[in-house]
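[1] Any chance you can model this:
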Amino acid sequence: MLRVRRILAVTAGLAVAGALTGAVCGLLALTPLVVSSWLRLPNSRFAMFSDLALWAATAGAALGAVCGPLLAWSLLRHLPLWRVIAWAAVGTVLGSLGGWAASGNPFVPGLFAVFGGALLGMATAGVGLRRRAARLARARHLEAAT
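    Okay, here's the model as predicted:
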């Protein structure tokens, strides 16, 4: 029973960390909108941006709370959590920016492109980190054997 409680506590912690990181990544995904609004739109549109920022942070937190523990428990179980969170966050932001670029219009983004890019970026970063960790472990094992 103690093991189950510990697993649930770690999973809850991963969900909270994923939600916080997802909220920040959701806000960072709005970077093209912020830059384009500073360059083109008058200040009266700030209310629209603040509503969108709240929505982006909420959506990012929800996705992070679900996908964070899944990624940590499935692919990256034996790696430090700070590295898992950092790589997943960078991959998510880069993927969402790639989704903005794929949608073609910075004012009306294709929601599927931004979310799809974020999820694809996070998954790609997770797989890349897993492969990198396996390659480093093999190199350490070969070094120890010689």
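[2] Correct me if wrong: residue 24 contacts residue 90.
    No - in this structure residue 24 lies outside contact range of residue 90 using Cβ atoms under 8 Å: 11.5 Å. Every C-beta, even on glycine, is put in place using the N, C-alpha and C of the backbone.
[3] and the longest helix that the chain contains, how far from the chain's centre?
    Criterion DSSP state H: the longest helix present in the chain is helix 111-145. Computed by Cα atoms, centre = their mean, to the nearest Å, the chain-centroid distance of helix 111-145 equals 13 Å.
[4] pLDDT (mean, whole number) over that helix?
    For helix 111-145, the mean pLDDT works out to 86.
[5] Same check on stretch 12-19?
    On average, the pLDDT along stretch 12-19 is 94.
[6] Check which residues of it are buried.
    Under the neighbour-count criterion of 16 or more other Cβ atoms under 10 Å, stretch 12-19 has 14-15, 17-19 buried.
[7] what do you get for stretch 96-106?
    Those would be 96-100, 103, for stretch 96-106 by 16+ other Cβ under 10 Å.
[8] Any chance you could list what contacts that stretch?
    Here stretch 96-106 makes contact (Cβ atoms under 8 Å, 6 or more residues apart in numbering) with 25, 28-29, 31-33, 36, 109-110, 113-118, 120-121.
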